[in-house]
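Colleague: Give me a 3D structure for the following:
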Amino acid sequence: MKRTGIAHAELSRQIALLGHTDRIVVADMGLPLPRSLPVVDLALVPGTVGFTPVLDALLDEIVVQGHVMAIESLGGTAGAWLDARDTRLGERQLLSHEEFKAELPHATFAVRTGEATPYANVILECGVPF
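Modeller: Below you'll find the predicted structure:
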């Protein structure tokens, strides 16, 4: 049994398979994810499990060299949270929400949260620890 870190078996497995430049989508409940994209679904009810605890847990486990977010998210809770953690997120790329959704099929997998805040979505690009 793991001593620390993410205990969710499928999420832990997906993280272990990541390589340099692989992309992870952290999504709110409403983001339309492609049917072909593997999804680790953590949503239980609206608000549980939320965007920020999931992103914090992921950032404790992986190296991120950049992130993509929708311009529309800048004024919301997710945008403020991402601004506060810029040092762990690497370079930022801003796209319109429609352009953001067009990037989803290029991700390795997605984590669907129970977040019910509009535009609480981010794509994380993996870096390397060396």
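
Colleague: can you list contacts of the lowest-mean-pLDDT helix or strand in the chain?
Modeller: The weakest-scoring helix or strand in the chain, judged by mean pLDDT, DSSP states H and E, is helix 77-84 (a mean of 76). Contacts of helix 77-84 with the rest of the structure, by C-beta atoms under 8 Å, 6 or more residues apart in numbering, involve 28, 51-52, 55, 67, 69, 73, 89, 92, 115, 117, 119-122. Heads up, the C-betas are built off the backbone N, CA and C, glycines and all.

Colleague: Show me which of the residues you listed is closest to residue 5.
Modeller: Sorting the contacts of helix 77-84 by how near they are to residue 5, with C-beta to C-beta, puts residue 55 at the top with 14.3 Å.

Colleague: Would you tell me what helix or strand that closest one is located in?
Modeller: Here residue 55 is covered by helix 51-61, with elements defined by DSSP states H and E.

Colleague: gap between that helix and the chain center?
Modeller: Here the centre of mass of C-alpha atoms in helix 51-61, compared against the chain's by C-alpha atoms, centre = their mean, to the nearest Å, lies 8 Å away.
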